[in-house]
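Q: need a 3D model of the following:
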Amino acid sequence: MKRILLVCAAGMSTSLLVNKMKDYATSAGKEVHIEALPVSEANTVIDQADIVMIGPQVRYQLPQVEAMAKGRIPVVVIDMKDYGMVNGQAVLTKALELIGE
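A: Coordinates of the predicted model:
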């Protein structure tokens, strides 16, 4: 099972996207664990994640999150259009592509 961590400002704005991603994963038969946390809490679970995706509103914190990941996993900013349209399919597809699924 792949673990996807979404990081945003407070962890709440991404919850809709997480739900859409989970819905698509279920319909596509993908086994994934997806959670959203604020940047301040990301370090508590980053060691278990296979990828970290950052909300575009906190893209300025990319260097901080990359430092937490220590080069072990991909850290990417979610496409602003996909984030704004809550396109769970596109975001999940991108995440799985980046981790080789």
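
Q: please enumerate the strands of this protein.
A: Assigned by DSSP state E, the chain shows strands spanning 2-8, 32-38, 51-54, 75-77.

Q: show me how far the first one is from its chain's centre.
A: The gap between the average C-alpha position of strand 2-8 and the chain average comes to 3 Å, counting by C-alpha atoms, centre = their mean, to the nearest Å.

Q: who touches it?
A: Residues outside strand 2-8 that contact it (C-beta atoms under 8 Å, 6 or more residues apart in numbering): 14, 17-18, 21, 30-39, 42, 45-46, 48-55, 57-58, 61, 65, 78, 92, 95-96, 99, 101. Quick note: C-beta positions are derived from backbone N, CA and C, even for glycine.

Q: now the residues you listed: which count as buried?
A: Buried members of the contacts of strand 2-8, counted by 16 or more other C-beta atoms under 10 Å: 14, 17-18, 21, 30, 32, 34-39, 42, 46, 49-55, 58, 61, 65, 78, 92, 95-96, 99.

Q: if we can go back for a sec, need the strands of the chain in CSV (columns: distance to residue 87 and mean pLDDT).
A: As requested, the strands of the chain are exported to CSV (distance: least, C-beta to C-beta, whole Å; pLDDT from 0 to 100):
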stretch, distance to residue 87, mean pLDDT
strand 2-8, 13, 96
strand 32-38, 14, 95
strand 51-54, 13, 97
strand 75-77, 15, 98
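
Q: understood, closing this out.
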